[in-house]
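Chemist: Just the structure for this:
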Amino acid sequence: MTASDQPIWQVIEETAAKLKKQHEEMNVRQQEQEKREQQLVSRQAVLDEKERALSAKENSLNELQSVLSEREKKISQKENDIKSAEAALNSKISQVQAKEIELNNKEKLLEFKEQGLEAKAEELSKLENQLKEQQSVLAGKESELLKQEEELKKMIEQIVSRRQAIVSLEESLKKQIGNMTRSTEVVQKPSTQSQEAPRPAVKPAEERKMPGEDEMYCPNCNAIISKDAVICYSCGQKINGTQGELAEDEMYCPNCNAIISKDAVICYSCGQKVQHSEIRT
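Modeler: Model (predicted):
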């Protein structure tokens, strides 16, 4: 079917549709043109603003240039060898600009160095404070170590004197035990007694005397002996060197190691004057 065979109304409708489509396209183009015009107006305003800013900058540069010219004139007056003032001004302007840039760079460098020096000064002050604190702590520790050294010297001296006393006591006790054994051998009858030494009879608990503060029961014969005894005076049994637990108001004698009261001025066992700075708990 050709275009001539189409009905007129159909041709009119197609033509109207094409015109409508073209009209819509024209409207879209018109809207785009309006948008572009608005954008151009805004860009023009921005350009005008930039132009005003550039003109202001140009004015400031002109003012700066005038100041530099004055400075250059003052410099040119001092220089008699310059023949051309215009050439000298141009060269001096470039020199002044270079010097200004150099001075700005030096100023920034000085500011950076100043900040570094301030930071180093703060670090040095902190280190100085830390060193002072460490010195005070070390001084306190040194004084404490000196005190401990003196106490150790005193304790060593006490231990040496105590050991000598114990050795002399053991020798005297050995002599006493030897005398006791010889006397018992003379009294004993060979036919009725055994080879072992007789063991003293243990008294009932209600008949025994209670030990004092510096006394205890012998673990072999239950006789009351001193707490610092090495050998029982009654049966000759060797006593272990372990000491009993201290009460809250008790302490060890620094001379003989006997248990005495904390308020004691003189040891009840050895009679030594008690120096409370030498007391061990």
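Chemist: how far out from the middle of the chain is the lowest-mean-pLDDT helix or strand in the chain?
Modeler: When the helices and strands of the chain are scored by mean pLDDT, DSSP states H and E, strand 259-261 comes last with a mean of 77. Centre-to-centre, strand 259-261 and its host chain are 44 Å apart (C-alpha atoms, centre = their mean, to the nearest Å).
Chemist: now do stretch 12-19
Modeler: Taking C-alpha atoms, centre = their mean, the mean C-alpha location of stretch 12-19 is offset from the chain mean by 91 Å.
Chemist: quick one on the thing from earlier: in the least confident helix or strand of the chain, what counts as buried?
Modeler: 259-260 (16 or more other C-beta atoms under 10 Å). Any C-beta I mention is one placed from the backbone N, CA and C, and that applies to glycine too.
Chemist: which helices and strands does the longest helix anywhere in the chain pack with?
Modeler: Counting residues, the longest helix found in the chain (DSSP state H) is helix 85-187. Under the contact definition 3 or more C-beta pairs under 8 Å, 6 or more residues apart in numbering; DSSP states H and E, helix 85-187 sits against helix 8-78.
Chemist: Next, the angle from the helix it packs on to helix 85-187.
Modeler: 90 degrees (axes from the mean of the first three to the mean of the last three C-alpha atoms, to 10 degrees).
Chemist: what packs against helix 8-78?
Modeler: helix 85-187.
Chemist: How far does the helix it packs on sit from its chain's centre?
Modeler: Relative to the centre of its chain, helix 85-187 is centred 15 Å away, using C-alpha atoms, centre = their mean.
Chemist: cool, stretch 69-87 as well?
Modeler: 67 Å.
Chemist: Other residues contacting it?
Modeler: Residues from elsewhere that reach stretch 69-87 (C-beta atoms under 8 Å, 6 or more residues apart in numbering): 88-89, 92-93, 96.
Chemist: rerun at 6 Å
Modeler: 88-89, 92 (C-beta atoms under 6 Å, 6 or more residues apart in numbering).
Chemist: Out of these, which comes closest to Q6?
Modeler: Distance to Q6 across these (C-beta to C-beta) is lowest for L89, with 87.0 Å.
Chemist: dump the residue contacts of that closest one.
Modeler: Contacts of L89 by C-beta under 6 Å, 6+ apart are E72.
Chemist: List the buried residues in stretch 110-128.
Modeler: Buried residues in stretch 110-128, counted by 16+ other C-beta under 10 Å: none are found.
Chemist: Quick one: mean pLDDT for that stretch?
Modeler: Stretch 110-128 comes out with an average pLDDT of 89.
Chemist: ditto for stretch 23-35
Modeler: 90.
Chemist: can you pull the alpha-carbon coordinates of it into CSV?
Modeler: Output in CSV follows, covering the C-alpha atoms of stretch 23-35 (Å, rounded to 0.1, in the frame of the first residue of the first chain):
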residue,chain,number,x,y,z
HIS,A,23,7.4,20.5,18.6
GLU,A,24,8.4,18.4,21.7
GLU,A,25,12.0,18.2,20.4
MET,A,26,12.0,22.0,19.9
ASN,A,27,10.7,22.4,23.5
VAL,A,28,13.5,20.2,24.8
ARG,A,29,16.1,22.1,22.8
GLN,A,30,14.6,25.3,24.1
GLN,A,31,14.8,24.2,27.7
GLU,A,32,18.4,23.0,27.1
GLN,A,33,19.2,26.4,25.5
GLU,A,34,17.6,28.2,28.6
LYS,A,35,19.7,26.0,30.9
